[in-house]
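Student: Below: sequence and its predicted model.
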Amino acid sequence: MLEITNTIEARKMRDQVLDSMELERERGITIKMQPVRMEYHSKSKISNLKSKSNSPEDFRSEIYILNLIDTPGHIDFSYEVSRALKAVEGSILLVDSTQGIQAQTLTTLNMARSPRQGRGEEPFVIIPVLSKIDSPLARVEEVKEEVVKLLGCRPEEVLLVSGKTGEGVEELLDAIIERVPPPTSTDFTPTVADKSQRESASVLRALVFDFKYSNHRGVIVFVRILDGKVKKGDSLIFAVSGEKFNALEVGTFSPEETPQEILSAGNTGYIVTGIKKPGIASVGDTITMFKNPLPAFGGYMQPLPVVWASVFPEDADDFAELKLALGKLKLSDSAFSYEEESSGSLGRGFRCGFLGMLHLEIITERLRREFDLELIVTSPSITYEVLMKNNPSGKKQKVYSPYFFPDDSLIEKVFEPWVDVKIISPIQYSGNIMQIIFDHEGEVGEIGNFGDNRSSISVTMPLRELMRNFFDELKSVSSGYASISYELGQMREANVTRLDILVADEVIPAFSKVISKKRAEAEAEKSVERLESILPRQMFTLKIQGRALGRIISSRTLSGMKKDVTQHMYGGDITRKMKLREKQKKGKKKMKARGKVNIPQDVFLKMMRSSGD
Ligand SMILES: Nc1nc2c(ncn2[C@@H]2O[C@H](COP(=O)(O)OP(=O)(O)OP(=O)(O)O)[C@@H](O)[C@H]2O)c(=O)[nH]1
Ligand SMILES: [Mg+2]
């Protein structure tokens, strides 16, 4: 579409052209939504906008402006999809014809079909499209049938495209124009008798669906203009946060930011606010004229974090820097949340909430890359609700950080969240899948058939078990064909306990985990083994132990070695050697502060990653 509309020159075209983050390109996935404005000169007759006659004028080329928002497919980032949905009048449901319907297709579809609060009751158009039809692996007819069944549409409504060859794309553009209604706007012209006054009083209602932060220009909000118009210099206000500002620039996405004179109703674009304080701009807020404010548009639901992990600066002096970095990250990812926390031996840090394991990994990676911070990241955890013994009030206490999980002897009962899971897979893998569901304490619900050869399985299981590497196991037992989506369900009683990892007889709080009592031995063994394999040897022999249920249940010994840190450097670069010795000295200082053993930060990251295994 970008090529056909000349939005991007053919020579600049490349795979994932809208994915601008380094991490997106490395991993080959979209993480953040990206708006883009296209101008399309249609050559065909567009029936719903023109007269029904067949006069030659009906076939002349017309220019249409299309505002597209590209969204991620991975379920961890479905919040991006939900926000984009409220900023548009219709959507393209892209189904890979080599894969067929995936579990996340259902999640996305449900979101698109749910009533859009505040945007009236007009039906939301969904255009089903099969992609990759050029591929020899494409199963066009079968997948088309699946889509028809799923949407309850006619087969002719399903379009076929190839992003590679361009086949079908022009037809898709025409279908968008034909099926998606043009944006409507309410006329908020002030009822002022004086004509000149009426003309000068401009109105605006813009929905903030995303934003980003620039060091020079402050917060840049991504908006869909619902009513009225905005231009550079306008004095504006955020309806919810109440912050006033002047528009330093307005523009559209092509897909890079392109300044424009004016943005008017129907457009998607950006407004540069100059606001540098964190916590002012929020997605779902409405921007309106300061002098002539209009009512705010119903906002977005704040997404609920699913996993938690705490982040501490490796060097306590970096606390302020970490705080600043988190504030800025939050400005480019509104789904992420954080709160100050302090834990005895790790010092001051932040408890962060994420929408899933991939989200967690992406954020910690960005903190390291974009802000050059050395971090200690704790084992990820979900929320537990603990009812303590001798607690007449009967109030449950929420525990997000494993190292704050109370000792068994103090606990009356523990509750944990369960999830409703949907798995879609080719039928031949069902047996394998049932086995892993069983291993993960899942309860199988409805089993349905989907198309000829695919089954859909509904499961409820503890979120804790879903996070215990269920995704990877599912992929591996289904040769990569099964897909999964999930929603948070109810809280249920849990049989769990805290596992502590000790290094040289000292608990390392970042490695503590809440685990199933039944799996205590296995989990302890795994953590200890993993740590033994990644912890660099020290000058002295040390013990690595796992402790749970009141005793040591796993133990290893890491033999010591004498190590000269400068040994591997030959040649006489004395300054480098000195630097390294300085660093080592600093490391020793830290060691004293943190305990007997120096644990490098990548060990924390590796443990964090493997804790899903
Ligand atoms: N053969 C063929 N390959 C395609 C086509 N479209 C995309 N691909 C390939 O499929 C892979 C994924 O493409 P993306 O465009 O990143 O897919 P996406 O749907 O945006 O993925 P997410 O954003 O992560 O949900 C890339 O390797 C593309 O080269 C197509 O029409 N034909
Ligand atoms: Mg993508």
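Tutor: Noted; the coordinates are in hand. Ligands and ions are numbered 1, 2, ... in the order given.
Student: Please enumerate the strands of the stretch 251-400 of the chain.
Tutor: 257-259, 262-264, 268-272, 286-289, 307-313, 337-343, 347-354, 375-377, 384-388, 397-399 (DSSP state E, counting those that start in this stretch).
Student: Can you say which of these is nearest to ligand 1?
Tutor: Nearest to ligand 1 among the strands of the stretch 251-400 of the chain is strand 347-354; the distance by CB to the nearest ligand atom comes to 17.9 Å. Just so you know, the C-beta spots here come from the backbone N, C-alpha and C atoms, and that holds for glycine as well.
Student: Packing partners of that closest one?
Tutor: When contacts are defined as 3 or more CB pairs under 8 Å, 6 or more residues apart in numbering; DSSP states H and E, strand 347-354 packs onto strand 307-313, helix 319-330, strand 337-343, helix 357-371.
Student: most packed of these?
Tutor: strand 307-313 (a mean of 24; mean count of other CB atoms under 10 Å).
Student: Can you add mean pLDDT and give the helices and strands packed on strand 347-354 back as a markdown table?
Tutor: As requested, the helices and strands packed on strand 347-354 are exported to a markdown table (pLDDT from 0 to 100):
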| stretch | mean pLDDT |
| --- | --- |
| strand 307-313 | 91 |
| helix 319-330 | 90 |
| strand 337-343 | 88 |
| helix 357-371 | 88 |
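Student: Contacts only, for whatever residue of the stretch 201-350 of the chain ends up closest to ligand 1.
Tutor: Proximity of the stretch 201-350 of the chain to ligand 1 (CB to the nearest ligand atom) peaks at residue 255, 13.7 Å away. For residue 255, the contacting residues are 2, 7-8, 17-18, 34-36, by CB atoms under 8 Å, 6 or more residues apart in numbering.
Student: and it, how far is that from residue 397?
Tutor: Distance, residue 255 to residue 397, using CB to CB, to the nearest Å: 47 Å.
Student: the longest strand in this protein is where?
Tutor: strand 411-426 (DSSP state E).
Student: Average pLDDT for the helix or strand following that strand, rounded please.
Tutor: Using DSSP states H and E, the next helix or strand after strand 411-426 towards the C-terminus is helix 430-439. For helix 430-439, mean pLDDT rounds to 95.
Student: can you give me how far helix 430-439 is from the chain middle?
Tutor: 28 Å (CA atoms, centre = their mean, to the nearest Å).
Student: in the stretch 251-400 of the chain, what residue is nearest ligand 1?
Tutor: residue 358 (10.8 Å).
Student: Contacts only, for that residue.
Tutor: By CB under 8 Å, 6+ apart, the neighbours of residue 358 are 74, 76-77.
Student: quick one: which of those residues has the most company?
Tutor: residue 77 (23 neighbours; other CB atoms under 10 Å).
Student: Ignoring the adjacent residues along the chain, who's closest to that residue?
Tutor: residue 31 (5.9 Å; CB to CB, 6 or more residues apart in numbering).
Student: My guess is the one you found contacts residue 22. True?
Tutor: No. Contact between residue 31 and residue 22 fails when scored by CB atoms under 8 Å: they sit 10.6 Å apart.
Student: So these two - more neighbours on which side?
Tutor: residue 31 (19 against 12).
Student: And the more buried one, how close does it get to residue 305?
Tutor: Applying CB to CB to residue 31 and residue 305 gives a distance of 17 Å.
Student: who touches the nearest residue to residue 113 once chain neighbours are set aside in this structure?
Tutor: Sequence neighbours aside, residue 124 is the residue nearest to residue 113 in space, at 7.2 Å (criterion: CB to CB, 6+ apart). Contacts here follow CB under 8 Å, 6+ apart; on that basis residue 124 touches 85, 89-91, 112-113, 116.
Student: quick one on the thing from earlier: now the strands of the stretch 251-400 of the chain in a markdown table, with distance to ligand 1?
Tutor: Below are those laid out as a markdown table (distance: least, CB to the nearest ligand atom, whole Å):
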| stretch | distance to ligand 1 |
| --- | --- |
| strand 257-259 | 21 |
| strand 262-264 | 27 |
| strand 268-272 | 19 |
| strand 286-289 | 28 |
| strand 307-313 | 20 |
| strand 337-343 | 23 |
| strand 347-354 | 18 |
| strand 375-377 | 24 |
| strand 384-388 | 32 |
| strand 397-399 | 33 |
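Student: Same list (those) but as CSV, adding distance to residue 506.
Tutor: Below are the strands of the stretch 251-400 of the chain laid out as CSV (distance: least, CB to CB, whole Å):
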stretch, distance to residue 506
strand 257-259, 51
strand 262-264, 59
strand 268-272, 51
strand 286-289, 52
strand 307-313, 16
strand 337-343, 14
strand 347-354, 15
strand 375-377, 15
strand 384-388, 25
strand 397-399, 22
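Student: Going along the chain, name the helices of the stretch 501-613 of the chain.
Tutor: Using DSSP state H, counting those that start in this stretch, the helices of the stretch 501-613 of the chain run over 520-534, 574-594, 601-610.
Student: which one of these has the lowest average pLDDT?
Tutor: helix 574-594 has the lowest average pLDDT among the helices of the stretch 501-613 of the chain, namely a mean of 55.
Student: any residues touching stretch 256-272, and which ones?
Tutor: Taking CB under 8 Å, 6+ apart as the rule, stretch 256-272 contacts 35, 37, 65, 67, 69, 87-88, 182-183, 185, 206, 214, 217-218, 220-232, 236, 247-253, 287.
Student: Within range of ligand 1, give me the residues from the chain.
Tutor: Residues of the chain lying close to ligand 1 (CB under 6 Å from any ligand atom) are 15-16, 29-30, 72-74, 131-132, 134-135, 162-164.
Student: Quickly list what residue 160 is bridged to.
Tutor: In this structure, residue 160 bridges to residue 130 when assessed by DSSP bridges.
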